[in-house]
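Engineer: Following is a predicted model, sequence given first.
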Amino acid sequence: MYEIVVKEDLAPVTKLFEVKAPAVAKKAKAGQFVIVRIDEEGERIPLTIADYDRERGTVTLVVQEVGKTTMQMGAMEAGEHFATVTGPLGIPSEIEKFGTVLCVGGGVGIAPIYPIARDLKEAGNTVLSIIGARNKDLLFWEEKMRSVSDELIVCTDDGSYGRKALVTIPLKEMLESERPVDHIWAIGPAIMMKFCALTTQPFGAPTTVSLNSIMVDGTGMCGACRVEVGGQTRFVCVDGPEFDGHEVDWDQLLTRQRIYPEQETVAVERWKHECQCGNGS
Amino acid sequence: MSEAIRDLPKHERMKLPRQSMPTQDAEARAQNFDEVALGYPQETALMEAMRCLQCKRPKCVEGCPVGVNIPEFIQHLKDGDMPAAVRALKADNNLPAICGRVCPQETQCEALCVVGKKAAPVAIGRLERYVADWDLGHPSPPPAVPPPSGKKVAVIGCGPAGLTCAGDLARYGHKVTIFESLHAPGGVLIYGIPEFRLPKDTVHAEVDYVRSLGVEVRLDTVIGKTYTLDELLKEQGYDAIFLGTGAGLPMFMHIPGENYNGVYSANEFLTRVNLMKAYLFPEWDTPVKVGGKVAVVGAGNVAMDASRCALRLGAGEVHIVYRRSREEVPARAEEVHHAEEEGIRFNFLTNPVEIYGDEKGWVRGMRCIRMKLGEPDASGRRRPLPIEGSEFDMDVDMVVMALGTRPNPLVFTEAGGLERTKWGTVVADEQTGKTTKDRVWAGGDIVTGAATVISAMGAGKNAAADIDRFLRAETAPEEAQESAAAG
């Protein structure tokens, strides 16, 4: 069992958990993920590591409530336990001194982009960052991102905070400016990463993305997460999760993320019903 | 059982027919996940036990990868001394209730049974299951373990090889920790083999038995990621390591359309159903989606398991698609028989060449080609060859690829000196399981590629004996030499 030592509401549907998992914390690196299972009946879901503290023996996970499992997680508090936290899984981000790097975080993708930006900064890069979300309520970690970035642009799709724009707009502007960009990281929903990759491609700017496929074991044994990258089938869990964004078959990824919509609806309805009954109403 | 039968002379006893085992009715069981084979009632077990000739030099034992003293446990069973039968069985086998259910007895012990030369062989597997199940219902204290040797062994992987090796090492007096990557112990026994063939309570009970010998099981720990082999040896002070991580990577055919939604690896489909209990969705969270018409590609035990799971999850029609003929089917005879009874349809000499999808990215059909058998290949089986121009389309909406598995390379991170073959398996001594890396042994599917539960157990057992020899020689070289000379 893995204790939740800190729980924080970053936004109405975005929750942060600092979880006691010393062996994972000791090894964790930016770009890696863990598999989490809430309880005995729970599913195994991959969550990218948003931060870690080797001394405290904790890993930080940021979860956006989108389905039954993440909603149930959102209702959990410090002192409660996850049944499973396994990892660190996947290959860490390749941090080196590129020169100038651009870090783009969209929605809940702001969480995993943070340790990457921090490590890139520590490696001596000039870090330019863009964070964005659909609206103000979904934004978080602006200050944290500012602390590891030489420049930070904040935007929302609806203009409720920062600049009114999709992240691809400032991304394109930065690439069009005089300043050379040596490497780009873009993390967020698949559709956002797809359009970031499409935006950067004409500039020939190397673009790393972190794929969020459906997984079960997270160690290469099931193949649920497979997707074509550069014409070859790759397993996101062991070959990734980071890949060259210009090589990913985005439409296949988006299709493979939508295998269980009916089941998701059933599970969410059931969870909401249980919650209401549980509240004694 | 009547005394009359007990007193029958040998030639009369040999005339007794092999006793069949009751099973759930085929139509009923195709709707549930309860165990198919129900086990012998006492009367039937005693009758079957009478058929054993108690050979002085029993051939059956030679056919058993862990060398169970088969005539001895059957004799005790016949005598009505169940505790003695259990002791005889468990002396060489830490997981008998599992073996009694999933071993391919027909190619091992029962294949060599002398009775089998003239009639049907003694149903050794069913008797083993009877004795082991009796034991689970009548728990006895675990056998005494010798005083601690002071040596620590890490066993990687909590499947059949690891559990056997760990159990034996504990019985030799060593401190054993099993590291398991998943959240439940049992390996393929838990994630792969379905409830209706091997109830998970049976697996839990036998894992608990291994724990009762003093073995610690650490779950959620991925060796190669959470810790590496070199760390276990150098930083965590383990004196030896046994690698029993099996063959967990699924194989695909690399044909067009394999990534459409509705194409599963058998590993994924079975893991969802068995480990994650998708058949209990939505009480359990993990979903699985089963089509109306399902094709399972392959004809091993895994293919049988996948096809029978699909049927139980409501598929209207389930097809096994296999490129060779019935003769070459690698699955256990009983599983093929049960699958056919349940209505699984077999398409032999048929090989998929492409999977079609609809505009939403879902499987809508599979193009296959007819095959014929040519000259024998490296495996000794006749090589299947495509018949030109024989392509045809199968109208299916789900495909499960059950083509075999390869070892998972994760465990080899920071494992310098560990030699591997071009197939990704570990190079290890056939007898002892010793690898090319100092203090590291390996056994089971990680060495052989996908094989059987019992052969993995045999390898775990042999490695445990060799690890014990090595650790004892290290503690007290003179003593070990003396005992070696005496032995």
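Structural biologist: Structure received. Numbers count the residues shown, from 1 in each chain, chains lettered A, B, ... in the order given.
Engineer: which bits of the stretch 301-450 of chain B sit near chain A?
Structural biologist: Residues of the stretch 301-450 of chain B lying close to chain A (C-beta under 8 Å from any C-beta of the partner chain) are B:360-361, B:408-410. Using the backbone N, CA and C atoms, a C-beta is placed for each residue, glycine as well.
Engineer: and the gap between the closest residue to chain B within the stretch 1-150 of chain A and residue B:284?
Structural biologist: Per C-beta to the nearest C-beta, residue A:43 is where the stretch 1-150 of chain A lies closest to chain B, at 3.9 Å. Distance, residue A:43 to residue B:284, by C-beta to C-beta, to the nearest Å: 8 Å.
Engineer: The two: which is more packed in?
Structural biologist: Neighbours per residue (other C-beta atoms under 10 Å in any protein chain shown) separate residue A:43 from residue B:284, with residue A:43 holding more: 23 against 15.
Engineer: Can you say which helix or strand has that one in it?
Structural biologist: Of the helices and strands defined by DSSP states H and E, none includes residue A:43.
Engineer: Pipe the residues of the stretch 301-450 of chain B next to chain A into CSV and attach secondary structure and distance to residue B:265 per row.
Structural biologist: Compiled in CSV, these are given as follows (DSSP: H, G, I helix; E, B strand; the rest coil; distance: C-beta to C-beta, whole Å):
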residue, secondary structure, distance to residue B:265
B:360, coil, 21
B:361, coil, 17
B:408, coil, 13
B:409, helix, 17
B:410, helix, 17
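Engineer: Ends of stretch A:48-63, what's the gap?
Structural biologist: End-to-end span of stretch A:48-63 (C-alpha to C-alpha, to the nearest Å): 9 Å.
Engineer: For it, list every residue counted as buried.
Structural biologist: Residues of stretch A:48-63 classed as buried: A:48-52, A:57-63 (neighbour count, 16 or more other C-beta atoms under 10 Å in any protein chain shown).
Engineer: One more: stretch A:152-164?
Structural biologist: Using 16+ other C-beta under 10 Å as the burial criterion, the residues of stretch A:152-164 that qualify are A:152-157, A:161-162.
Engineer: Please narrow those residues to those residing in helices.
Structural biologist: Using DSSP state H, no member of these falls within helices.
Engineer: just checking, what packs against the strand ranked longest in chain B?
Structural biologist: In chain B, taking DSSP state E as the definition, the longest strand is strand B:363-376. Helices and strands touching strand B:363-376, by 3 or more C-beta pairs under 8 Å, 6 or more residues apart in numbering or on different chains; DSSP states H and E, are strand B:350-357, strand B:382-386, strand B:392-394, strand B:398-401.
Engineer: so what's the residue positioned nearest the centre of chain A closest to, chain neighbours aside?
Structural biologist: Taking C-alpha atoms, centre = their mean, the centroid of chain A lies closest to residue A:109, which sits 3.8 Å from it. Excluding the flanking residues, the one nearest residue A:109 by C-beta to C-beta, 6 or more residues apart in numbering or on different chains is residue A:188, at 3.2 Å.
Engineer: Backbone dihedrals for that neighbour, please?
Structural biologist: The phi and psi values for residue A:188, taken as degrees, to the nearest 10, are phi 170, psi -160.
Engineer: Which strands and helices lie in contact with the helix or strand in which residue A:209 is found?
Structural biologist: Using DSSP H and E, residue A:209 sits in strand A:207-210. Secondary-structure packing of strand A:207-210 (3+ C-beta pairs under 8 Å, 6+ apart): strand A:183-187, helix A:190-200, strand A:242-244.
Engineer: Using PDB, write out every CA atom in whichever helix or strand comes after the shortest one.
Structural biologist: Note on strand A:242-244: by DSSP H and E, the next helix or strand toward the C-terminus is helix A:250-256. Taking only C-alpha atoms (Å, rounded to 0.1, in the frame of the first residue of the first chain), the coordinates of helix A:250-256 have been written out as PDB:
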ATOM      1  CA  TRP A 250      -1.600  10.600 -34.400                       C
ATOM      2  CA  ASP A 251      -4.800   9.400 -35.900                       C
ATOM      3  CA  GLN A 252      -4.100   5.900 -34.900                       C
ATOM      4  CA  LEU A 253      -3.200   7.000 -31.400                       C
ATOM      5  CA  LEU A 254      -6.400   9.000 -31.100                       C
ATOM      6  CA  THR A 255      -8.400   6.000 -32.400                       C
ATOM      7  CA  ARG A 256      -6.800   3.600 -30.000                       C
END
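Engineer: what about helix A:250-256, near chain B?
Structural biologist: Yes: applying C-beta under 8 Å from any C-beta, one finds helix A:250-256 touching chain B at A:252, A:255-256.
Engineer: can you list the residues you listed in CSV and add pLDDT, distance to residue B:297 and neighbour count?
Structural biologist: Putting the residues of helix A:250-256 next to chain B into CSV (pLDDT from 0 to 100; distance: C-beta to C-beta, whole Å; neighbours: other C-beta atoms under 10 Å in any protein chain shown) gives the following:
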residue, pLDDT, distance to residue B:297, neighbour count
A:252, 96, 21, 18
A:255, 96, 21, 18
A:256, 95, 20, 22
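Engineer: would you turn these into CSV with distance to residue B:234?
Structural biologist: Listed next are the residues of helix A:250-256 next to chain B as CSV, based on distance: C-beta to C-beta, whole Å:
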residue, distance to residue B:234
A:252, 43
A:255, 46
A:256, 41
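Engineer: Could you single out the nearest of those to residue B:417?
Structural biologist: Distance to residue B:417, by C-beta to C-beta, is smallest for residue A:256 among the residues of helix A:250-256 next to chain B, at 38.8 Å.
Engineer: Just list the residues touching that closest one, thanks.
Structural biologist: A:213-214, A:226-227, B:259, B:261, B:361 (C-beta atoms under 8 Å, 6 or more residues apart in numbering or on different chains).
Engineer: and residue B:153, that one's in a strand?
Structural biologist: Yes: under DSSP: H, G, I helix; E, B strand; the rest coil, residue B:153 falls within a strand.
Engineer: Tell me how far the residue nearest to residue B:188 when sequence neighbours are not counted lies from residue A:86.
Structural biologist: Residue nearest to residue B:188 in three dimensions, not counting chain neighbours: residue B:159, with 5.3 Å by C-beta to C-beta, 6+ apart. Distance, residue B:159 to residue A:86, by C-beta to C-beta: 17 Å.
Engineer: what does residue B:18 give?
Structural biologist: Counting by C-beta to C-beta, the gap from residue B:18 to residue A:86 is 46 Å.
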